[in-house]
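Novice: test case, fold it:
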Amino acid sequence: EGESGGGVTHVGIYVSDFGKERMASEERFGPKGLWSKDKSNDDEDDSESDPEDDDDEDDDSTQDLVSSHYSHFPAEHNTSTSTSNSSTLRPEKLRDYEASKLRYYFAIATFSSPATATHIYSQLDGLEFEHSSSKLDLRCIPTEAHAEVVEGRTVREECRSP
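Specialist: Numbers count the residues shown, from 1 in each chain. Here you go, the predicted model:
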């Protein structure tokens, strides 16, 4: 049972090393691996085609959605501006990409007491985040190590209790 009156005193959200690298790459090249090049001759070797690829209407609407959402990326990835259908969105790669974006940031929460921190940790560590199939991975950082962990990192958001 948690401490009565205990709580969170500060939360800071920071860009992770993984997120920093990926965002720099995406700013320059867009998300990689989401599109596959269509074969120039669809009649050849249909035995290797994916049965899910036959649903062109669903692929087109998903591709339009992704193209509009990622329209700020370079034109070779924005297939809605292309005059030919030379690439196809790979929905499974889009799901993987969106899941990987959960690793772009991490948060550090500061609590009013060690007892409150221990209680929160015991309740949340390993809990699934929303319906993402990703589990919360909580870590304890000693107070004296906080400055070293956040040194040189970009703060995305920050909140303090009054």
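
Novice: helix or strand right after whichever strand or helix holds Ala147?
Specialist: If you go by DSSP states H and E, Ala147 is part of helix 146-150. Reading on from helix 146-150 to the C-terminus, the next helix or strand found by DSSP H and E is strand 155-160.

Novice: packing partners for that next one?
Specialist: Other helices and strands packing on strand 155-160, by 3 or more CB pairs under 8 Å, 6 or more residues apart in numbering; DSSP states H and E, are strand 8-15. Heads up, the C-betas are built off the backbone N, CA and C, glycines and all.

Novice: list the buried residues of the helix or strand just after the strand it packs on.
Specialist: Sequence-wise, the next helix or strand downstream of strand 8-15 (DSSP H and E) is helix 17-29. Neighbour counts over helix 17-29 (16 or more other CB atoms under 10 Å) mark 19, 22, 26 as buried.

Novice: could you list every helix and strand that helix 17-29 packs against?
Specialist: Secondary elements touching helix 17-29 (3+ CB pairs under 8 Å, 6+ apart): none.

Novice: any idea of the mean pLDDT in the next helix or strand after that helix?
Specialist: With elements assigned by DSSP H and E, the helix or strand that comes after helix 17-29 is strand 35-37. Mean per-residue pLDDT for strand 35-37: 81.
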